[in-house]
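Engineer: Prediction below, plus the sequence it came from.
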Amino acid sequence: MEDVVSEALDGAVGAMGAPAPASLADPVLVAIDGPAGSGKSSVSRAAAARLGFGILDTGAAYRALAWAALQTGADLDDEASMLALLDAWHYSITLLGAQRVEVELGGAPARHDVTAAIREHAVSGQVSRVSKHPEVRERLNAMFRRIVAESGLPGVVIEGRDITTVVAPNAPVRILMTASPEVRAQRRAGELAGMSQEQVLADIAARDAKDAQVVDFMHPAPGVRLVDTSDLDFEQSVEAVVGIVREVSTR
Ligand SMILES: Nc1ncnc2c1ncn2[C@@H]1O[C@H](COP(=O)(O)OP(=O)(O)O)[C@@H](O)[C@H]1O
Ligand SMILES: Nc1ccn([C@@H]2O[C@H](COP(=O)(O)OP(=O)(O)O)[C@@H](O)[C@H]2O)c(=O)n1
């Protein structure tokens with residue numbers, strides 16, 4: 001399946017004019033989980049940049065699979081159909097710089113830049129239907145571990161729902177990022193033009209409820225640090241994550 005082309009170094013070329021040096025050691029992992037709108041993607045991205053690490057947004061792969069299923073007319077509730085899609089697709093995501101997500105499905109055009117499309121409401125509302133399948137999760141988790149291992153980066157922040165518990169339970173830094181439902185809806189409503197805060201709150205509550213049937217991302221597992229961003233501004237949230245990483249790495 002995932003004949004993954006992790007284009008991690010593209011961003012480094014653009015940013016620095018030369019490819020990033022490949023690290024000989026395994027990358028340091030910073031695992032971050034949390035519900036929708038807690039700030040995990042944007043805060044993880046800023047923290048990674050500050051630490052000189054890459055960022056792997058795992059939700060993008062679930063979103064891209066849902067996008068591919070909607071595109072091809074496959075039944076999102078049928079696990080075998082989703083596994084067949086995974087067998088056929090090529091997925092790539094940048095780990096440095098601006099996020100770019102691409103999917104190859106075969107056919108014409110072969111390669112689709114889905115960076116914007118996977119954030120649309122039509123995809124967000126359907127993605128829990130593909131992420132509920134256990135074997136789909138196993139296949140994507142294997143892909144995430146491979147992308148990180150092959151990144152050549154000194155460290156990678158990897159964020160999603162089950163990173164601290166399933167994908168990287170041995171990561172030296174594991175964080176659960178939360179915020180109250182009202183604050184999360186307010187943040188998301190600011191991003192989604194034309195939707196009221198009430199609509200957004202209902203949407204993310206419904207998605208969280210479906211997702212929570214599959215993985216627990218509301219309560220920190222033993223050893224996982226809780227960062228509640230309800231009363232933190234963006235900069236304070238980034239500092240909280242960077243502070244935990246520095247604290248752990250100087251122990
Ligand atoms: N601590 C914070 N204070 C204010 N706004 C924030 C904070 N964290 C994130 N945001 C904003 O909230 C929105 C949702 O954050 P995002 O990172 O997409 O959340 P998640 O990945 O958990 O769904 C973004 O527009 C982001 O800039
Ligand atoms: N590790 C992960 C990441 C995402 N997901 C699924 O992918 C969807 C989109 O994740 P996301 O992180 O992009 O969502 P937001 O929190 O950014 O809204 C979630 O609603 C889950 O259904 C998952 O099941 N496991």
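Structural biologist: Done, it's in. Ligands and ions are numbered 1, 2, ... in the order given.
Engineer: Does residue 236 belong to a helix, a strand or coil?
Structural biologist: helix (DSSP: H, G, I helix; E, B strand; the rest coil).
Engineer: The closest residue to ligand 1 within the chain: neighbour count?
Structural biologist: Closest approach between the chain and ligand 1, counting by C-beta to the nearest ligand atom: residue 39, at 2.7 Å. C-beta: built from backbone N, CA, C; applies to glycine. Using other C-beta atoms under 10 Å, residue 39 has 24 neighbouring residues.
Engineer: dump the residue contacts of it.
Structural biologist: 177, 179, 187, 229, 234, 237 (C-beta atoms under 8 Å, 6 or more residues apart in numbering).
Engineer: next one: residue 247
Structural biologist: Contacts of residue 247 by C-beta under 8 Å, 6+ apart: none found.
Engineer: Could you do residue 230 as well?
Structural biologist: The contact partners of residue 230, taken as C-beta under 8 Å, 6+ apart, are 178-180, 183.
Engineer: same thing but at 7 Å, please
Structural biologist: 179-180, 183 (C-beta atoms under 7 Å, 6 or more residues apart in numbering).
Engineer: next one: residue 160
Structural biologist: 33, 58-59.
Engineer: Quickly list what it is bridged to.
Structural biologist: residue 33 (DSSP bridges).
Engineer: which residues touch whichever helix or strand residue 176 is part of?
Structural biologist: Per DSSP states H and E: residue 176 is located in strand 173-178. Residues outside strand 173-178 that contact it (C-beta under 7 Å, 6+ apart) are 30-35, 38-40, 43, 164, 220, 223-229, 241, 244-245, 248.
Engineer: Weed out the non-buried ones from these.
Structural biologist: 30-35, 38-40, 43, 164, 220, 224-225, 227-229, 241, 244-245 (16 or more other C-beta atoms under 10 Å).
Engineer: out of these, which are inside helices?
Structural biologist: When DSSP state H is applied, the buried ones among the contacts of strand 173-178 are split such that 40, 43, 241, 244-245 fall in helices.
Engineer: any chance of those in a markdown table, with distance to residue 113 too?
Structural biologist: Listed next are those as a markdown table, based on distance: C-beta to C-beta, whole Å:
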| residue | distance to residue 113 |
| --- | --- |
| 40 | 23 |
| 43 | 25 |
| 241 | 29 |
| 244 | 34 |
| 245 | 31 |
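Engineer: Strands along this protein, start to end?
Structural biologist: 28-33, 54-57, 90-93, 101-104, 111-113, 155-160, 173-178, 225-228 (DSSP state E).
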